[in-house]
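I'll drop the sequence and a predicted model, then ask my questions.
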Amino acid sequence: MTDGKVEPATARCSNGPATTAIRQRLPNILIVDDKPADLRLLMRVLARRGYRTRTVSSGKLALRAARTEAPDLILLDIKMPDLNGYEVCELLKADATLQDIPVIFISVLDEAIDKVKALRVGGVDYVTKPFHFEEVYARVETHLRIRSLQCQLAEQNSNLERLVAERTRELSNAYARLGELDRLKNDFLRMISHEIRTPANGVLGIGTLILDLCPASEEHSLYAALLEQSALRLRNLIEDAALISDMDNLTMRSMVAISLPEILTDIGACHPEIQTSIEQSPGVATFPLNGYHPLLTRAMESIIQLATCFSRNRHRVRGALRVEMPLLRMRLELDALSLSSVQVAEFFDLESHVRSASTAESLGLAPVVAQQILAAFGGTLRLVKTAADAGYLEASFLQQQFLGEAAKTAQPAAAFLTDQPLADARKTLRHAEPIAASGRQQPRFA
């Protein structure tokens, strides 16, 4: 440091918590010494460098002055009559509003034990008398700069915490909004699936009545088959919408131990037109799988049907069941997957139009429902394209210990449309009452 006047550090941290703002002004230095000559000397040499100084002659006055206007730095003598410098420093460090102010001790004591004690009570530096002015300048300037950097860091931390808090609030609000939108979507689906039953049954009943009035012919048989197929798809669509809207309640039913091979055997018995050939690895039969049997059966049935939609032979499904702890994987091979990779990626999205433009169009929302059922029990359902028209459909299931404990009671989602005799359709037309039943109808396979 030269003898010429230098620009002093001007950043000053305000009192109070570390996250408060930084004030920009000339540093304020409090000089504490019971010797008037030393006070005047230090005040003169520091003022020459542009610092603003205050002087007091006792420890008690020093504490009062610091609490009245907190300084940026304190030069503190050790040997004073009322309170010595060590005691004053301890009291400063015990005050939350003053504890961060750097204290430089000034004393005629130059023993190592004195310097060590000064540092232990909270001092940041030690200058021995008689003063060397350049040393005083250097130490004061260094600690003011350190203090300035600490204040800048405190403000940056404060700003960062504020930004994090704001971002957290934004994310929380966005999450709450998504939850509300999801609830509204489910409420809408539930309302639609309920309110559409009566007009749907009316339309189907009128169609049946019109066909009854027509004479038997080849065209009559064709139209009757088309009406039956459309009625089935409409009923299944309503049922699927109700399932999606009430999935949370349905998955809270009592869960029991389930054997996936047994479910596949039952599905094969219900669909003798589909020849299933699924190789099973050791451990599949004893894999610990828990779930709600009707829902998982429904999901597996839809998965088998989906596999036939992407197979050249619509009456045969080939695949394998493998245990890859903690997962049980079922992979069904596909050889007529004409979708692109982009279409495959969005196939299970509820709003996607890919399903209606694919060979799985007849299944309606069933693939989406199957995926959501598996997800509700900790599993996954993926459609994967490998090459050309080849790919596979993969369902994964978690071990029962990963599923948690389900609640034991829940209300059924809704009563769904099923086939009815023509007399019931006529009754519906007369009384405009909704038709309710249970069980999903199965589409015919070509």
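Noted; the coordinates are in hand. This one's a predicted model, so the numbers in the text were calculated from it and none came from an experiment.

leaving aside the residues next to it on the chain, what's closest to residue 43?
residue 53 (4.7 Å; C-beta to C-beta, 6 or more residues apart in numbering). The C-beta positions use only the backbone N, C-alpha and C, and glycine is treated the same way.

Could you report the neighbour count for that neighbour?
By the criterion of other C-beta atoms under 10 Å, residue 53 has 18 neighbours.

list the contacts for it?
By C-beta atoms under 8 Å, 6 or more residues apart in numbering, residue 53 lies in contact with 28, 29, 30, 31, 42, 43, 46, 47.

hang on, it is in a strand, isn't it?
Yes. The assignment for residue 53, made by DSSP: H, G, I helix; E, B strand; the rest coil, places it in a strand.

ok, of the contacts of residue 53, which one's closest to residue 67?
residue 30 (11.1 Å; C-beta to C-beta).

burial count for residue 224?
Residues near residue 224, counting by other C-beta under 10 Å, number 16.

Am I right that it falls within a helix?
Yes. Using three-state DSSP, the assignment for residue 224 is a helix.

My understanding was that it contacts residue 211; is that so?
Yes. Counting by C-beta atoms under 8 Å, residue 224 does reach residue 211; the two are 5.4 Å apart.

Might you list the low-confidence residue ranges for the protein?
By pLDDT under 70, the low-scoring segments of the chain are 1-25, 185-186, 189-190, 192-194, 240-255, 400-446.

Show me what the lengthiest helix in it is packed against.
For the chain, the helix with the greatest residue count under DSSP state H is helix 133-195. Applying 3 or more C-beta pairs under 8 Å, 6 or more residues apart in numbering; DSSP states H and E, one finds that helix 133-195 contacts strand 11-13, strand 22-24, helix 36-48, strand 73-77, strand 103-107, strand 125-128, helix 218-245.

residues of the helix or strand following that helix that come out buried?
On the C-terminal side of helix 133-195, the closest following helix or strand by DSSP states H and E is helix 197-213. The neighbour-count check on helix 197-213 (16 or more other C-beta atoms under 10 Å) flags 197, 198, 200, 201, 202, 204, 205, 207, 208 as buried.

and if you look at stretch 287-298?
287, 289, 290, 291, 292, 293, 295, 296, 297, 298.

roughly how far out does that stretch sit from the chain middle?
Mean C-alpha position of stretch 287-298 versus that of the full chain (C-alpha atoms, centre = their mean, to the nearest Å) differs by 28 Å.

I'd like the numbering to begin with 7 instead of 1 from here.
Understood, numbering begins at 7; the last thing we discussed is stretch 293-304.

Run a quick neighbour tally on residue 102.
Neighbours of residue 102 using other C-beta under 10 Å come to 10.

Dihedrals phi and psi, it?
Backbone torsions for residue 102, taken as degrees, to the nearest 10, come to phi -60, psi -30.

and the gap between it and residue 70?
To residue 70, residue 102 is 17 Å away according to C-beta to C-beta, to the nearest Å.

At the geometric centre of the protein, which residue do we find?
Nearest to the mean C-alpha position of the chain, by C-alpha atoms, centre = their mean, lies residue 181 at 8.3 Å.

how about the contacts of residue 59 in JSON lines, adding distance to residue 169 and neighbour count?
Shown next, in JSON lines, are these (distance: C-beta to C-beta, whole Å; neighbours: other C-beta atoms under 10 Å):
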{"residue": "34", "distance to residue 169": "31", "neighbour count": "15"}
{"residue": "35", "distance to residue 169": "34", "neighbour count": "23"}
{"residue": "36", "distance to residue 169": "35", "neighbour count": "22"}
{"residue": "37", "distance to residue 169": "40", "neighbour count": "24"}
{"residue": "48", "distance to residue 169": "43", "neighbour count": "23"}
{"residue": "49", "distance to residue 169": "43", "neighbour count": "18"}
{"residue": "52", "distance to residue 169": "39", "neighbour count": "22"}
{"residue": "53", "distance to residue 169": "41", "neighbour count": "12"}
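
Looking at those residues, spot the one nearest residue 288.
Here the nearest of these to residue 288, counting by C-beta to C-beta, is residue 34; it sits at 81.0 Å.

ok, the closest one - contacts?
Contacts of residue 34 by C-beta under 8 Å, 6+ apart are 18, 57, 58, 59, 60, 75, 77, 78.

Who wins on neighbours among those residues?
Neighbour counts for those (other C-beta under 10 Å) peak at residue 78, which has 27 neighbours.

In this structure that one contacts residue 58, no?
No. In this structure residue 78 lies outside contact range of residue 58 using C-beta under 8 Å: 9.0 Å.

what sits in contact with each of those two?
33, 34, 35.

Now flag whichever of the residues you listed is closest to residue 222.
Among the shared contacts of residue 78 and residue 58, and counting by C-beta to C-beta, the member closest to residue 222 is residue 33, at 106.4 Å.

Excluding sequence neighbours, find me the nearest residue to residue 220.
residue 226 (5.2 Å).

count of neighbours near the one you found?
Neighbours of residue 226 under the rule other C-beta under 10 Å: 13.

what do you get for residue 341?
Residue 341: 14 surrounding residues under other C-beta under 10 Å.

got it, and residue 357?
6.
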